[in-house]
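In: coords below, sequence missing:
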């Protein structure tokens, strides 16, 4: 059996610390599930009234980032069939002449 260590310094705890009503292991289950504590700057914390507002804003940011990534992925895929030229391309070609003799 393990022996308990005896502390010799009785001044370790202040008198105002009262653990008389403490419950051992009260938050053990929550802790085992995992914790993720994030410290916000004071200016950021002033913007949000509570944790729910922070979470809602972060979920919105995640949704926007996902949508932008999806749009970027769609642009890089390339079209399946030939697309008509853009208006810029038509404008460029309308002003251009096709023969060297006409240009000279």
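Out: The structure has been received and is ready for your questions. This structure is a prediction, so every number in the text was calculated from the model and none was measured. Numbers count the residues shown, from 1 in each chain.
In: where does the protein have low pLDDT?
Out: 1-11, 78-104 (pLDDT under 70).
In: Contacts only, for residue 12.
Out: Listed by C-beta atoms under 8 Å, 6 or more residues apart in numbering, the contact set of residue 12 is empty. Quick note: C-beta positions are derived from backbone N, CA and C, even for glycine.
In: let's have the chain start at 28 instead
Out: In the new count, where the first residue is 28, that last one comes out as residue 39.
In: quick one, helices of this protein?
Out: With DSSP state H as the criterion, the chain has helices at 55-60, 69-74, 78-104, 114-122, 127-130.
In: can you tell me which of the ones you listed comes nearest to residue 43?
Out: helix 55-60 (25.4 Å; C-beta to C-beta).
In: Could you check how far residue 75 is from residue 83?
Out: 9 Å (C-beta to C-beta, to the nearest Å).
In: Would you mind giving the helices of the chain as CSV with distance to residue 46 added?
Out: Output for the helices of the chain, formatted as CSV (distance: least, C-beta to C-beta, whole Å):
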stretch, distance to residue 46
helix 55-60, 16
helix 69-74, 30
helix 78-104, 27
helix 114-122, 74
helix 127-130, 93
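In: Which among these is found nearest to residue 44?
Out: When those are compared for distance to residue 44 using C-beta to C-beta, the nearest one is helix 55-60, at 20.7 Å.
In: tell me what the closest one is packed against?
Out: Helix 55-60 sits against no helix or strand, with contacts defined as 3 or more C-beta pairs under 8 Å, 6 or more residues apart in numbering; DSSP states H and E.
In: burial measure for residue 66, as a count.
Out: For residue 66, the neighbour count with other C-beta atoms under 10 Å is 6.
In: List the residues that contact it.
Out: So, once contact is read as C-beta under 8 Å, 6+ apart, residue 66 ends up touching nothing.
In: would a markdown table of the helices of the chain with mean neighbour count be doable?
Out: Formatted as a markdown table, these follow (neighbours: other C-beta atoms under 10 Å):
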| stretch | mean neighbour count |
| --- | --- |
| helix 55-60 | 8 |
| helix 69-74 | 9 |
| helix 78-104 | 10 |
| helix 114-122 | 9 |
| helix 127-130 | 7 |
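In: out of those, which comes closest to residue 47?
Out: helix 55-60 (19.9 Å).
In: I'm done for today, thanks for sticking with me.
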